[in-house]
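Have a look; sequence and predicted model below, questions after that.
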Amino acid sequence: MNLPSTYTTFAGNRKIVSGELKTVLSALKQHLDSEGADTVLTFIDCTGQEVDFDMRGTLEEVLGRYDAAD
């Protein structure tokens, strides 16, 4: 059984979102658009590895970059 990867994003010491890629990218894009250039960190839950996403453009463009539109 192949489970989807989940991610967790923090702004400072506050958790913004946790979930599958589409959920995380959508919430992160909304946060960055409304809150500005906060320092945010996103981690892959199963490994703890930090990951960066290119959040430029519209939400559809961001989701398309990472094949997360489904």
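Received the coordinates, thanks.

distance between stretch 8-20 and the chain's centre?
8 Å (C-alpha atoms, centre = their mean, to the nearest Å).

Endpoints of that stretch, how far apart?
9 Å (C-alpha to C-alpha, to the nearest Å).

buried sites along that stretch?
By neighbour count on 16 or more other C-beta atoms under 10 Å, the buried set for stretch 8-20 is 8, 9, 10, 11, 16, 17, 18, 19. Where you see a C-beta, it was placed from the backbone N, CA and C, and this is true even at glycine.

Alpha carbons of the longest helix seen in the chain, as PDB, please.
Secondary structure assigned by DSSP state H gives helix 21-35 as the longest helix of the chain. Extracted C-alpha coordinates of helix 21-35, given in PDB (Å, rounded to 0.1, in the frame of the first residue of the first chain):
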ATOM      1  CA  LEU A  21       0.200  18.300  -1.100                       C
ATOM      2  CA  LYS A  22      -2.800  20.100  -2.600                       C
ATOM      3  CA  THR A  23      -4.100  21.100   0.800                       C
ATOM      4  CA  VAL A  24      -0.800  22.400   2.000                       C
ATOM      5  CA  LEU A  25       0.000  24.300  -1.200                       C
ATOM      6  CA  SER A  26      -3.500  25.900  -1.200                       C
ATOM      7  CA  ALA A  27      -3.300  27.000   2.400                       C
ATOM      8  CA  LEU A  28       0.300  28.200   2.000                       C
ATOM      9  CA  LYS A  29      -0.500  30.200  -1.000                       C
ATOM     10  CA  GLN A  30      -3.500  31.800   0.800                       C
ATOM     11  CA  HIS A  31      -1.300  32.500   3.800                       C
ATOM     12  CA  LEU A  32       1.500  34.100   1.800                       C
ATOM     13  CA  ASP A  33      -1.000  36.200  -0.200                       C
ATOM     14  CA  SER A  34      -2.700  37.500   2.900                       C
ATOM     15  CA  GLU A  35       0.100  37.700   5.400                       C
END
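
Okay then, goodbye and thanks.
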